[in-house]
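Student: after the sequence you'll find the predicted model.
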Amino acid sequence: MVPSSPARKLQTRKLHTVALVGIDGSGKTTQAHRLAEELAAQGLPAVYRRNAGGRRWFGRLAARFGRRDAEELLGRRLMLVVESLLRWLAILRTLLRRSLTRELTVMDRYSFCQYASLSARSASQRPARLAYGLFPRPDVTFLLAVDPAVAYDRIEARAYDHEEMSYLNAAAAAYRSLPEYGEFVVIDANGTPDDVSAALHAELAAWQRRSAPAGAPRLPAVLAGARALLLAGGPLAAGATAIGLQLAELLSPAV
C-alpha cells in the first residue's frame with residue numbers, strides 16, 4: 001500500500017473522479033478496486049463504481065441457453081445497443097450518486113470504453129457520442145495498456161468468459177485511435193498487479209503536482225445533490241433520444 005501523508009491527502013481532495021479504461025483482461029476491475037481501497041485507507045471518501053454494459057451477464061445467460069456468448073444470444077447489433085444503454089445508465093447513476101455524496105469516485109470503465117467497443121466492432125460511434133457527450137470528463141483517465149496476447153491469457157485463466165484474439169487486437173487499436181487518447185494517462189499493464197498499482201499511484205501523484213489550486217468553493221452537498229437531480233431530466237431525455245438513434249442505425253438493414 002502506498003504510504004499517505006497530510007500533504008497528499010489535502011491534494012487528493014481536489015480529485016473527484018478517476019476512470020480506468022482498457023481492453024478486457026487489462027486489469028481494470030482489479031486496479032479500480034485496489035485504488036479505491038488504498039485511497040480510502042488514507043481517510044479519503046473514495047469508493048469503487050463499476051460502469052458495466054451487461055455483456056458479461058448476457059454471456060452467462062447465453063451459456064445457460066447453450067449459446068457461445070452474448071452476441072450469439074442477442075445478435076451483434078442488438079447487443080451493442082443494449083450495452084450502450086446499460087453503460088450509459090450506469091454512468092448516469094454513478095455521477096448522480098457522486099453529486100449527492102461528494103465521494104471520490106474510482107470508475108471501472110467509462111464512456112471511452114463504449115466508443116472503443118463500437119469502433120472495434122465496426123459500428124458507428126456517432127449516436128453514442130451524442131448520448132455520452134452529456135457526461136463530464138473524469139479528472140484523470142488511466143488507460144491500462146496491455147499486450148492483447150497477455151490479456152487473452154488472463155481471460156482464459158479466469159475461465160468465466162472468452163474473447164477472440166482478433167477482437168482484443170481491434171479493441172487495443174480502437175483505444176489508440178480515439179480522439180481522447182492524447183488526454184489519457186497510459187499505464188503499462190503487462191506487469192504484476194503490484195507493478196501496475198505502483199505506476200497508478202505515481203501518475204496520480206504527478207497529476208496532483210500539476211493540478212491547479214482549488215477554485216471557488218463548491219455548492220454544499222445537499223444543494224449540489226438537488227441541483228444534480230433537477231438537471232438529470234435533460235440528460236435522460238437527450239440520452240434516450242441518442243440511444244434510440246443508435247438502435248435505429250444499428251438495426252437498420254445494411255445498404
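Tutor: Yes, it's here.
Student: packing partners for the longest helix along the chain?
Tutor: Counting residues, the longest helix found in the chain (DSSP state H) is helix 76-101. Under the contact definition 3 or more CB pairs under 8 Å, 6 or more residues apart in numbering; DSSP states H and E, helix 76-101 sits against strand 46-50, helix 55-64, helix 70-74, strand 104-108, helix 111-120, helix 126-132, helix 221-231, helix 233-251. All C-beta atoms are positioned from the backbone trio N, CA, C, and that covers glycine.
Student: any weak-confidence spans in the stretch 1-150 of the chain?
Tutor: For the stretch 1-150 of the chain, the stretches with pLDDT under 70 are 1-13, 53-63, 65-76.
Student: ok, back up a step: in the longest helix of the chain, what's buried?
Tutor: For helix 76-101, burial by neighbour count (16 or more other CB atoms under 10 Å) applies to 77, 79-92, 94-96, 98-99.
Student: do stretch 108-128 as well
Tutor: Neighbour counts over stretch 108-128 (16+ other CB under 10 Å) mark 108-121, 123, 125, 127-128 as buried.
Student: stretch 154-173 too?
Tutor: Across stretch 154-173, burial judged by 16+ other CB under 10 Å covers 154-155, 161, 163, 167-172.
Student: now the end-to-end length of that stretch.
Tutor: Using CA to CA, to the nearest Å, the span of stretch 154-173 from its first residue to its last is 19 Å.
Student: quick check: mean pLDDT of that stretch?
Tutor: Average pLDDT, stretch 154-173: 88.
Student: what is the burial count for residue 194?
Tutor: For residue 194, the neighbour count with other CB atoms under 10 Å is 9.
Student: which SS class is it?
Tutor: Secondary structure, DSSP: H, G, I helix; E, B strand; the rest coil: residue 194 is helix.
Student: mind checking pLDDT for it?
Tutor: Residue-level confidence at residue 194 comes out at 97, pLDDT.
Student: show me which of the buried residues of stretch 154-173 is closest to residue 35.
Tutor: Residue 35 lies nearest to residue 154 out of the buried residues of stretch 154-173, by CB to CB, at 18.5 Å.
Student: for the closest one, give me phi and psi.
Tutor: With angles defined as degrees, to the nearest 10, residue 154 sits at phi -70, psi -40.
Student: can you give me the neighbour number for the nearest residue to it once chain neighbours are set aside?
Tutor: Setting aside the residues directly before and after it, residue 154 is nearest to residue 25 in space (CB to CB, 6 or more residues apart in numbering), at 4.3 Å. For residue 25, the tally of surrounding residues (other CB under 10 Å) stands at 25.
Student: just list the residues touching residue 25, thanks.
Tutor: Residue 25 is in contact with 146, 150-155, 163, 168, counting by CB atoms under 8 Å, 6 or more residues apart in numbering.
Student: thought residue 118 was touching residue 178, still the case?
Tutor: No: counting by CB atoms under 8 Å, residue 118 is not a contact partner of residue 178; they are 10.6 Å apart.
Student: and residue 102, how far from residue 49?
Tutor: Residue 102 sits 14 Å away from residue 49, going by CB to CB, to the nearest Å.
Student: okay, the two: which has more neighbours?
Tutor: Using other CB under 10 Å, the more surrounded residue of residue 102 and residue 49 is residue 49, with 21 against 15.
Student: who's in contact with the more buried one?
Tutor: Contacts of residue 49 by CB under 8 Å, 6+ apart are 94, 97, 105-108.
Student: pipe the contacts of residue 25 into a markdown table and attach distance to residue 189 per row.
Tutor: As requested, the contacts of residue 25 are exported to a markdown table (distance: CB to CB, whole Å):
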| residue | distance to residue 189 |
| --- | --- |
| 146 | 4 |
| 150 | 8 |
| 151 | 9 |
| 152 | 14 |
| 153 | 13 |
| 154 | 10 |
| 155 | 13 |
| 163 | 16 |
| 168 | 13 |
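Student: and residue 34, how far from residue 27?
Tutor: Counting by CB to CB, the separation of residue 34 from residue 27 is 9 Å.
Student: joint contacts of the two?
Tutor: The contact sets of residue 34 and residue 27 overlap at residue 193 (CB under 8 Å, 6+ apart).
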